[in-house]
Structure formats: C-alpha cells, structure tokens
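Generate coordinates for the sequence data below:
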Amino acid sequence: MPRLFTGIEIPADIGLQLSSYRGGLPGARWIDPENYHITLRFIGDIDERTAGDVFSILGDSRRRDPVTITIDSLDTFGGGRPRAVFARANGNGVLADLQSEQERLVRRIGLPPEKRKFTPHVTLARLRDASPIDVADYFATRGRFPKLTFTARRFVLYSARESVGGGPYVVEAAYPLG
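Purely as a prediction, here's the structure:
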C-alpha cells in the first residue's frame, strides 16, 4: 500500500543553502537535503487502484505556468510543544491555488478532505522533546534569513516508505507547470 503526497521539489542549490541551518538544536532529527520539498497535498496510505486514480486525476491539473517561490524565513510548528523547524515558502497565492486545485481533484475520486490548513514550507527538522527555550535559542543564533527564490516548472507525486517522516521520498510522476 503506497503512502503518497504531491509536492514541489527544492532545487539542489537552494537545498544546500537550507542545509546550512542544520545542527545546534537538541532533540532535532534533521531532514536530508535531497528530501526537502514543499508538500501540496498529503494523500496518505492508499491501495494500488486509488493510487492509479490519483496518478490519472493529477494530469487534469489546469495550472500550466511555472511558479516563482521565495523561501523567506525560519519558523516552527507546535507552539509551546515544538514539533518541527521549517523554512516558510511564499508563492504569492499561486501555491495556495495549486494546492486548492489538487484538493478538489483528489476529492473527486473519493479521498477525504485535508483537515490541516495549508502552510507552504520546507521541513528542515522534526523535533522530539525539544524545549521551547532551546528552539528560541536556535532561532536567536541564526541571524537574518536571506530570501531564496526559485522557479518551479513542475509538481510531483511522491511516494514514501512507512516511517516517522523525513524520507526517503521517490518521485512517482511529474506534472509540468509551463
């Protein structure tokens, strides 16, 4: 049973720059740069037939222009119980439009709606038992975050092995943007 999700790949040069933020945070499990991505729609563990339906329906995407994406800051999910460090991504509303379209497409084949609010980001580390003070110290020592901009010319359908997250991820299909 495959675990699938759609996303935007992070170019190697941007991944290298993001990887410079690895380290210095107790309780962090750092994601390997080759597994950096921006998740658009988590699909989850599905059967082979539904996976085939997902593969086909994503081809109906009408978004056909490349997307300029800027990664502009570091942040964390979890508030008082931090669970991830991430780099925030901004696509000037285009990423949200692309995600909304994919949400509509996968719901058309019977998948349940995504419950989480879409926040475009690149996960850098998953946190286990990290204290909020350690996380605040980590951010305080990182200084100003430079804007990193790239153009995405496709979105992809990824598969993942069953794990606690972080890869390895495999590109199962690619859909052009432009």
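
just the helices in this structure please.
Along the chain, the segments classed as helices by DSSP state H run 12-19, 48-58, 94-108, 132-140.

The longest one packs against which elements?
To tie it back to what came earlier, the one meant is helix 94-108. Judged by 3 or more CB pairs under 8 Å, 6 or more residues apart in numbering; DSSP states H and E, helix 94-108 is in contact with strand 37-45, helix 48-58, strand 67-77. For the C-beta atoms, the positions are set from N, CA and C on the backbone; glycine is no exception.

Can I get it in CSV, CA atoms only?
The C-alpha coordinates for helix 94-108 follow below in CSV (Å, rounded to 0.1, in the frame of the first residue of the first chain):
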residue,chain,number,x,y,z
VAL,A,94,-0.2,30.6,-6.6
LEU,A,95,0.9,27.7,-4.3
ALA,A,96,-2.4,28.0,-2.4
ASP,A,97,-4.3,28.0,-5.7
LEU,A,98,-2.3,24.9,-6.9
GLN,A,99,-3.0,23.2,-3.5
SER,A,100,-6.7,24.0,-3.7
GLU,A,101,-6.9,22.6,-7.2
GLN,A,102,-5.3,19.4,-6.1
GLU,A,103,-7.6,19.2,-3.1
ARG,A,104,-10.6,19.4,-5.5
LEU,A,105,-9.1,16.8,-7.9
VAL,A,106,-8.4,14.2,-5.2
ARG,A,107,-11.7,14.7,-3.5
ARG,A,108,-13.4,14.0,-6.9
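
So for Arg161, which of the helices of the chain sits nearest?
helix 48-58 (14.6 Å; CB to CB).
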